[in-house]
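Peer 1: below: sequence and its predicted model.
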Amino acid sequence: MFRIFFLLIIFSLPLTIFSSPDSLKTEEFQKGLQALSNKDTAAAKTFFKQSIKKHNDAPSNYEYAKLLSVIKSHWDLTSAIEYSRRAVQLDKKNIPYRLLLAQIREDLFYASFLNVEERKAAKIEFERILEIDSTCVEAHYNLGRLLQEDFLNFNRSQIKYVSSGYVTKLDRMRYEGSSLSAAAKAEIRREIANTEFLNSIGDFTTNQMDEDVQETFEESEKHLTDVIKLNPADEKSYLLLTQMYIDNNMAAKSIPHLIDLQKVNRNSKDVSMYLGLVYYLNRENEKASKEFQKAMMKLTPEGLGEFKYETVKILLEPKLGARMENMSREEIEALVIKFWDMNDPLYLTSYNERILEHYARVAYANLFFWVPELNFTGWKTERGETLLRYGQPLNKIKYRQGADESAKNWDSPLTEVWVYSDKYFVFEDVYRNKNFTFSNPERGKIAAQFGVNSFEDFQNIKQVQFQDYAPSFEGPEFSVPFSTYQFKSEKYYHTDLFLSYNLNPADTSLAVENFNDGYDLGLFLFDLRGNKIADIKKNYVSNNFDDGAKHNSILVTTMPDTLTIAFELLRKKDKGVFSRHAKYRIKEFRESKMDISGIVLASAVEAGSPLDGAIIRKNISVIPNPTNKFTRSDQLFVYYEVYNLAMNREKLTSFDQEITIRKKDEDSQLGGILNKVGDILGIGKSGEKITLTSHYQTLERNPQIYLQLDLSGYEPANYIVTITIKDQISNTSASSSAEVVRE
C-alpha cells in the first residue's frame, strides 16, 4: 500500500559508506554523472553504456539500471534487472545496489502479468540486505511492507477458480433478475447474507493457510517495529502497523504506537486522523471525536473542505441530484450541517455519532483503499464510495489466487465480495494495481471470478438507498418501555404530550447497580425540516428503585404537526444508551369540536397530592404502565379526558360512555369486565364523585374520567379497549382505543 520509489532513499544514503572507490569510477562514468547534473539523460545513458562495454564497472551498471527503471515498461524493467544484477555481482555488499534491484523486481511484478515471481524475488533481496546489515531501515521497512500487503490480501481469504460450467446464485440474481419474483429475490438475498452460503459460492477450494497468514503477520510486525526502534519518527511504518492491526481485529494495539508517534510528529494530520479511527473502532467515541477535530485543524483549507463537505456532497448526490450543481458553497455547508443534525442518533452527547461514523469511514477508506501510484484518494475509489454509503459489510470474503504467487494462480483477478443484509457488491483488482473496482464483465482484462455487473447494480441501488447507518455507541444499548399520551392543552391550539417510561430492575439491562451514578434524559422534537421544536434535558443523580420499578413522565407542550421525536437515556456509570427516534403525529384538539384524549392504561390513579413520576392532570396523578402489560394480580385503571361537551339550559352535559373490550384480531366482544372490583369512578372539575353507568351528566365541559377494570377472570391474550363518547346534546361522538396485554 505504501510502496515508494527507492531512488529517493538511495540518493539520500551517505556516500562515504556506499560509494565506490575512485579507482572504480571510470572516465565514462564521470562524464555520465556530469550529463545527469546537466539533466541530459540521453547523454548519460550513452556514457554509462560505454563504460559498461569497456570496463563492466559496477557503478555504471547501477546508474544505467536506475535510468532504465524510470520507464515502467516490461522491456525497460527487464533490462534494468540485468544491469542491476551485474552491479550486485560486482559489489555484493553494496546495499544501494541491492535496494535498487529489489525495487526493479517489484516494479516488474506490477508492470507485467508474465513476471509473477518477481515480487517474491524482491522480498528475498531485502532479506539478503538484512544479512549484510541488520540495521538497514529501508530493508526492514520494505520487507515489512510487502509482508503486510500479503497479510491484508490473504487474511480470512479463500481460493476460487473460474468454472465456466457453474452459475452461482450471485450470477442468477444478476442475469435473471428481471424475471425473478420478489419472493425469489428475497430468498436469494437471505442466502447471500448467510455465512455458510458465502463459504460455498462457486467452485472453489478452501485456502488452508491460517498458520501461514499468522506467521506473515508476526514477521511483518517485527520488521515494522524494528524500523520504529531505529527511526521513531517513521510515520509510514506506524500507519502500516495500524492497517494490519485493524484488519486483524486488534485496533486497540495500535493506540499506544500512534500516541508515541503523535508526540514526535505533532503536526501530522494523518496520525490524528488514524488515531481517531482506532479510538472509534475501540468504541471510545469521545476520544475519537477529539482526535478527528485535531486532524481537521491541521488540514489545509482545501483539505478541510474536501474532508468535511466534498465527502458528504457525494453521499447526498443521489438524494438531491442536479439541485446540488446550482448550490453555492455556503448553501452546501448549511445543507451538510442540517443533514448531520437530523441524523444524530444521540443528542445527549457532546458529539454527533453519525458524523463520527462518517469521519471513521473516510479515514478507513483513505487508509486501506488509497492507491498512491495512481494518485487515487481512498474515499474516491469505488470501494471507498461504497464504504461511505453503507459502512462495513456484514460479511467480506476475499477470493485470492494463493500465497505462492505462481503463474497458475494468477489467471483471474483478486476479488472481494461485500455482503450486506439486503445487497452485495463484487470488487476486482483487474489490472493488478491495487485499485479494486466494481466487477463488470464488459470491461474485464482477464476472466472474472463472478459474472456479476456490480457497477450497474451500485448505480441503481444508490438511487433508492443513498446511505445506511446503524449507530455505534460507547456503552451498551439497553431497552426501556415507554409510551406517549396526548391531551388538549390549556394553551390555545397546543397539545400536551406526555412521555412515560419505567426502569424495572427485574430487567437485567436495567439492574440497579447500572444506575448508581444516575443518568441523563433527553426529549427532543423536530419538525420535518429539522428545526428544533422542543429540547428537554434532565439529570437524575441516582436511582434507587425504591418502589421496585422507577416511573417517570415528561411533559412537552407543542402545536399539532408531524414531528420527529427523539427520546434518549444515557447512563453515567457505563455510558449505556437507550435511544429511539421516530416520526410522530401530534394530534389537533380543536377549541370547539367535541373530542377525546388518548387512553392511559395505568397502575394507579389518585386525586390530591401529586405522585412522583406521574402524569399530572390538574389534581389527578396517573401512574401509567407504558408496557400495557398486566398480570392477573395487577390493578388496571383506565384514564382519559373528554373535551368540549355541549351543555343544556341547566348548565349540564349529557353524554353516553360506551366501552368495548375485545380480543385483538377477533370480532367477539367481552362483557362483564367492569363489575367485579368496584364502582367505576369519575372526577369532575371540582373533584366530585359521580356514578357512571351508561349515561352521564356533569357540570364540567371537559371532564377527566378514570375507571378500574378487572381482567383476572380472562385468559392471557391481547385485548383492545375502545371508549366511545356520544354527546346527546350536540349529537356528536368521538372514540379512542388502547391495547392491553393480559399476561
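Peer 2: Now that the structure is in, tell me what you want to look at.
Peer 1: wait, A534 touches D527, no?
Peer 2: No - under the criterion of CB atoms under 8 Å, A534 is not in contact with D527, lying 10.5 Å apart. (Glycine included, C-beta is placed from N, CA and C.)
Peer 1: now the closest residue to L277 other than its chain neighbours: how far from S289?
Peer 2: Using CB to CB, 6 or more residues apart in numbering and skipping the chain neighbours, the partner closest in space to L277 is A363 (4.1 Å). Distance from A363 to S289, counting by CB to CB, to the nearest Å: 13 Å.
Peer 1: about what we covered before: in PDB, could you pull the C-alpha coordinates for the host helix or strand of the residue nearest to L277?
Peer 2: Taking DSSP states H and E as the definition, one finds A363 inside helix 353-368. Presented in PDB, the C-alpha positions along helix 353-368 are these (Å, rounded to 0.1, in the frame of the first residue of the first chain):
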ATOM      1  CA  GLU A 353     -22.200   9.800  16.400                       C
ATOM      2  CA  ARG A 354     -23.300   9.900  12.800                       C
ATOM      3  CA  ILE A 355     -20.600  12.400  12.000                       C
ATOM      4  CA  LEU A 356     -18.100  10.200  13.800                       C
ATOM      5  CA  GLU A 357     -19.200   7.200  11.700                       C
ATOM      6  CA  HIS A 358     -18.700   9.200   8.600                       C
ATOM      7  CA  TYR A 359     -15.300  10.500   9.600                       C
ATOM      8  CA  ALA A 360     -14.300   7.000  10.500                       C
ATOM      9  CA  ARG A 361     -15.500   5.700   7.100                       C
ATOM     10  CA  VAL A 362     -13.500   8.300   5.300                       C
ATOM     11  CA  ALA A 363     -10.400   7.600   7.400                       C
ATOM     12  CA  TYR A 364     -10.700   3.900   6.900                       C
ATOM     13  CA  ALA A 365     -11.100   4.300   3.100                       C
ATOM     14  CA  ASN A 366      -8.100   6.600   2.900                       C
ATOM     15  CA  LEU A 367      -6.000   4.200   5.000                       C
ATOM     16  CA  PHE A 368      -6.900   1.000   3.200                       C
END
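Peer 1: which outside residues touch that helix?
Peer 2: If you take CB atoms under 8 Å, 6 or more residues apart in numbering as the criterion, helix 353-368 is touched by 1, 152, 239, 242-243, 246-247, 273-274, 276-277, 280-281, 285, 288-289, 292, 307, 311-312, 315, 340, 343-346, 377-379, 381, 383-384, 387-388, 391, 469, 471-473.
Peer 1: give me the next element, helix or strand, following it.
Peer 2: Next in sequence after helix 353-368, counting helices and strands by DSSP H and E, comes helix 382-390.
Peer 1: show me what that following helix is packed against.
Peer 2: helix 311-320, helix 353-368, strand 424-429, helix 454-464 (3 or more CB pairs under 8 Å, 6 or more residues apart in numbering; DSSP states H and E).
Peer 1: possible to save those as JSON lines with distance to W418, mean neighbour count and mean pLDDT?
Peer 2: Below are the helices and strands packed on helix 382-390 laid out as JSON lines (distance: least, CB to CB, whole Å; neighbours: other CB atoms under 10 Å; pLDDT from 0 to 100):
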{"stretch": "helix 311-320", "distance to W418": "17", "mean neighbour count": "17", "mean pLDDT": "93"}
{"stretch": "helix 353-368", "distance to W418": "13", "mean neighbour count": "22", "mean pLDDT": "97"}
{"stretch": "strand 424-429", "distance to W418": "5", "mean neighbour count": "23", "mean pLDDT": "91"}
{"stretch": "helix 454-464", "distance to W418": "9", "mean neighbour count": "15", "mean pLDDT": "93"}
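Peer 1: the domain parsing of this protein - what is it?
Peer 2: As assigned by automatic domain parsing, the chain contains the domains 1-134, 166-201, 267-368, 475-589, 591-743.
Peer 1: lowest-confidence stretch among those?
Peer 2: In terms of mean pLDDT, the lowest-scoring of the domains of the chain is domain 166-201 (a mean of 50).
Peer 1: identify the residues contacting the residue positioned nearest the centre of the chain.
Peer 2: Centroid-nearest residue in the chain, with CA atoms, centre = their mean: G391, separated by 4.4 Å. When contacts are counted by CB under 8 Å, 6+ apart, G391 touches 357, 361, 468-470.
Peer 1: how about the secondary structure of Y238?
Peer 2: With DSSP: H, G, I helix; E, B strand; the rest coil as the basis, Y238 sits in helix.
Peer 1: in which helix or strand does the nearest residue to I71 once chain neighbours are set aside reside?
Peer 2: For I71, ignoring the flanking residues on the chain, the nearest one in space by CB to CB, 6+ apart is L77 at 7.9 Å. L77 is part of helix 74-90 when elements are defined by DSSP H and E.
Peer 1: who does that helix touch, helix- and strand-wise?
Peer 2: Partner elements for helix 74-90 (3+ CB pairs under 8 Å, 6+ apart): helix 58-69, helix 95-111.
Peer 1: which residues are in contact with it?
Peer 2: Under the contact criterion CB under 8 Å, 6+ apart, helix 74-90 has outside partners 52, 56-59, 61-62, 64-66, 68-69, 71, 94, 97-98, 100-101, 104-105, 107-108, 111-112, 114-115.
Peer 1: what's the answer for stretch 550-563, then?
Peer 2: Outside stretch 550-563, the residues that reach it (CB under 8 Å, 6+ apart) are 489, 491, 493-504, 521, 523, 525-528, 533-534, 536, 538, 543, 583-589, 612-616, 623-624.
Peer 1: now, those that are in helices?
Peer 2: In helices, judged by DSSP state H, none of the contacts of stretch 550-563 are found.
Peer 1: filter those down to the ones in strands?
Peer 2: Using DSSP state E, the members of the contacts of stretch 550-563 that fall within strands are 495-503, 521, 523, 525-527, 533-534, 536, 538, 583-585, 615-616, 623-624.
Peer 1: using ChimeraX, define a selection of the buried residues within those.
Peer 2: Selection of buried members from the ones in strands among the contacts of stretch 550-563 for ChimeraX, criterion 16 or more other CB atoms under 10 Å:
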select :495,496,497,498,499,500,501,502,503,521,523,525,526,533,615,623,624
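Peer 1: before we move on, back to that, biggest separation within the contacts of G391, which pair?
Peer 2: R361 and A470 (12.6 Å; CB to CB).
Peer 1: quick check: buried residues in the longest helix along the chain?
Peer 2: Longest helix in the chain by number of residues (criterion: DSSP H): helix 210-230. By neighbour count with 16+ other CB under 10 Å, helix 210-230 contains the buried residues 213, 216-217, 219-221, 223-228.
Peer 1: what about stretch 703-723, how long is it end to end?
Peer 2: Terminal residues of stretch 703-723 lie 14 Å apart, using CA to CA, to the nearest Å.
Peer 1: about what we covered before: average pLDDT across the longest helix of the chain?
Peer 2: Per-residue scores along helix 210-230 average to 92.
Peer 1: hmm, who's touching it?
Peer 2: When contacts are defined by CB under 8 Å, 6+ apart, helix 210-230 is touched by residues 135, 137, 140-141, 143-145, 147-148, 150-151, 154-155, 234, 237-238, 240-241, 244, 248, 257, 403.
Peer 1: what helix or strand does the residue nearest to N648 when sequence neighbours are not counted sit in?
Peer 2: Computed as CB to CB, 6+ apart, the closest residue to N648 that is not its neighbour in sequence is I729, at 5.8 Å. Assigned by DSSP H and E, I729 belongs to neither a helix nor a strand.
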